[in-house]
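S.K.: have a look at this prediction, sequence included:
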Amino acid sequence: MSDLSKVDRNLAMEAVRVTEAAAIAAVRLMGGGDERAADQAAVEAMHGALNNMIMDGTVRIGEGVQSDAEKLFTGERVGTGDGPKVDVAIVPLEGKSIVARGGPNALSVIAMAEQGGFLEVPDIYMDKLAVGAGLPDNIVDLDYSPEENLKRLAEAKNCQVHDLVVCLLDRPRHAQLIAKIRDAGARIRIILDGDVSGVIQAAERDGGVDMYCGTGGASQGVLAAAALRGLGGQMQGRFIIRNGADAAAVKAMGIKDPDHKYATKDMAFGHVTFAATGVTYGAMLDGVRTATTGAITHSMVTRSQTGTLRYIKGHHDFARRSDGG
């Protein structure tokens with residue numbers, strides 16, 4: 001039995017405290033128009049909370065390489081140095097542009113796994129496709145057309161294609177994909193940012209989404225896979241090589257086949273804990289509600305070992321906490 005499997009129930013609650021701290025810090029800058037400041041506030045708060053955790057952690061998916069990020073860079077050691085050895089994947093603020101303009105569905109996200117539990121990815125795009133639990137294996141595939149995927153999914157769900165809802169990011173690069181989904185007859189839910197939240201909505205039973213697809217950051221793909229390990233569901237990801245720099249980045253990671261299709265357990269394996277806290281209001285999680293004396297947060301946490309999903313409403317009294325969170 002691994003060190004993490006013995007204590008990940010406690011780590012699950014600690015993970016929520018980490019995302020709560022980042023969310024509270026970020027929401028104070030909601031609507032201010034400065035996405036960099038909002039992101040930095042979340043990074044600072046998450047960094048401090050992580051270093052209070054009793055663990056010997058290493059950031060595997062973070063804010064970039066050390067030369068580009070002062071804190072939460074890939075390879076940084078976090079935690080007290082005691083306790084279990086844990087690999088950490090984080091997005092302190094998914095949807096920093098959302099927070100800057102006061103939009104919906106911004107999250108703070110963390111996943112923790114045993115050593116070697118996360119696919120280490122370069123800072124490039126990934127093509128992603130995800131559906132929820134309770135479906136036949138390989139029901140959808142990145143190599144199928146959108147029309148074929150929707151047809152197969154509708155048959156598996158015993159419904160019509162026009163009953164399905166597909167979620168994807170609002171990006172110019174998705175114009176052709178959106179057109180194909182519409183031609184197939186499915187409905188569409190567009191989100192401004194945050195494809196981790198999009199994948200989670202596809203996995204949730206009452207998320208109102210049947211499939212998530214499109215391209216986004218590879219690191220967010222790993223976080224989404226970590227969420228699915230507890231929520232259930234299927235996901236595929238494949239790197240998008242746009243230019244020579246992308247090809248070089250993939251080669252530098254030691255990846256021999258850049259066209260490989262990664263399944264959920266290829267990206268997040270072993271015992272995985274995932275937590276997210278809503279920063280701004282959303283379909284999945286409520287945003288942080290603040291007052292002068294405290295805040296109310298809404299979070300989710302899931303563990304792959306048990307498949308348990310919990311929603312946690314936190315009431316924070318700033319007067320009782322020295323860190324103000």
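M.R.: Received it, and whenever you're ready, just let me know what you need. Numbers count the residues shown, from 1 in each chain.

S.K.: this structure: strands as residue ranges?
M.R.: 56-61, 77-78, 85-94, 107-113, 125-131, 165-169, 187-191, 211-217, 234-239, 262-263, 272-278, 289-290, 294-303, 308-317 (DSSP state E).

S.K.: and the fifth one, what does it pack against?
M.R.: By that I understand strand 125-131. When contacts are defined as 3 or more C-beta pairs under 8 Å, 6 or more residues apart in numbering; DSSP states H and E, strand 125-131 packs onto helix 195-203, strand 211-217, helix 218-231, strand 234-239. To be clear about C-beta, it is placed using only N, CA and C from the backbone, and glycine gets the same treatment.

S.K.: then the third one?
M.R.: Secondary structure elements in contact with strand 85-94, counted by 3+ C-beta pairs under 8 Å, 6+ apart, are helix 3-27, helix 35-50, strand 56-61, strand 107-113, helix 195-203, helix 218-231.

S.K.: switch the cut-off to 10 Å
M.R.: Here strand 85-94 touches helix 3-27, helix 35-50, strand 56-61, strand 77-78, strand 107-113, helix 195-203, helix 218-231, strand 272-278, going by 3 or more C-beta pairs under 10 Å, 6 or more residues apart in numbering; DSSP states H and E.

S.K.: okay, these in a markdown table with mean pLDDT and distance to residue 296 next?
M.R.: As requested, the helices and strands packed on strand 85-94 are exported to a markdown table (pLDDT from 0 to 100; distance: least, C-beta to C-beta, whole Å):
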| stretch | mean pLDDT | distance to residue 296 |
| --- | --- | --- |
| helix 3-27 | 82 | 10 |
| helix 35-50 | 96 | 17 |
| strand 56-61 | 94 | 28 |
| strand 77-78 | 96 | 27 |
| strand 107-113 | 96 | 15 |
| helix 195-203 | 90 | 19 |
| helix 218-231 | 94 | 23 |
| strand 272-278 | 96 | 10 |
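
S.K.: so which of these is nearest residue 300?
M.R.: Proximity to residue 300 (C-beta to C-beta) singles out strand 272-278 among these, at 5.5 Å.

S.K.: pairing partners for the closest one, with directions?
M.R.: strand 107-113 (antiparallel), strand 294-303 (antiparallel) (DSSP bridges).

S.K.: can you check which of those strands gets nearest to residue 198?
M.R.: Taking C-beta to C-beta, strand 107-113 is the member of these nearest to residue 198, at 10.7 Å.

S.K.: residue ranges with poor pLDDT in the stretch 101-250 of the chain?
M.R.: Nowhere does the stretch 101-250 of the chain drop to pLDDT under 70.

S.K.: domain ranges for this structure, per the record?
M.R.: 3-115+271-320, 125-267 (automatic domain parsing).

S.K.: would you format those as TSV with mean neighbour count included?
M.R.: Shown next, in TSV, are these (neighbours: other C-beta atoms under 10 Å):
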stretch	mean neighbour count
domain 3-115+271-320	21
domain 125-267	19
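
S.K.: export the helices and strands packed on strand 85-94 as TSV, with columns for distance to residue 292.
M.R.: As requested, those are exported to TSV (distance: least, C-beta to C-beta, whole Å):
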stretch	distance to residue 292
helix 3-27	13
helix 35-50	18
strand 56-61	34
strand 77-78	31
strand 107-113	22
helix 195-203	29
helix 218-231	33
strand 272-278	21
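
S.K.: among the ones you listed, which comes closest to residue 179?
M.R.: helix 195-203 (18.8 Å).

S.K.: what's the angle from the closest one to strand 211-217?
M.R.: Orientation check (axes from the mean of the first three to the mean of the last three C-alpha atoms, to 10 degrees): helix 195-203 against strand 211-217 gives 170 degrees.

S.K.: may I have the phi/psi pair for residue 63?
M.R.: The phi/psi pair for residue 63 (degrees, to the nearest 10) reads phi -90, psi 10.

S.K.: quick one: it from residue 43, how far?
M.R.: Computed as C-beta to C-beta, to the nearest Å, the residue 63 to residue 43 distance reads 6 Å.

S.K.: identify the contacts common to the two.
M.R.: In terms of C-beta atoms under 10 Å, 6 or more residues apart in numbering, residue 63 and residue 43 are both contacted by the residues 69, 70, 71, 72, 90, 92.

S.K.: now stretch 33-45, how far from the chain's geometric center?
M.R.: Computed by C-alpha atoms, centre = their mean, to the nearest Å, the chain-centroid distance of stretch 33-45 equals 18 Å.
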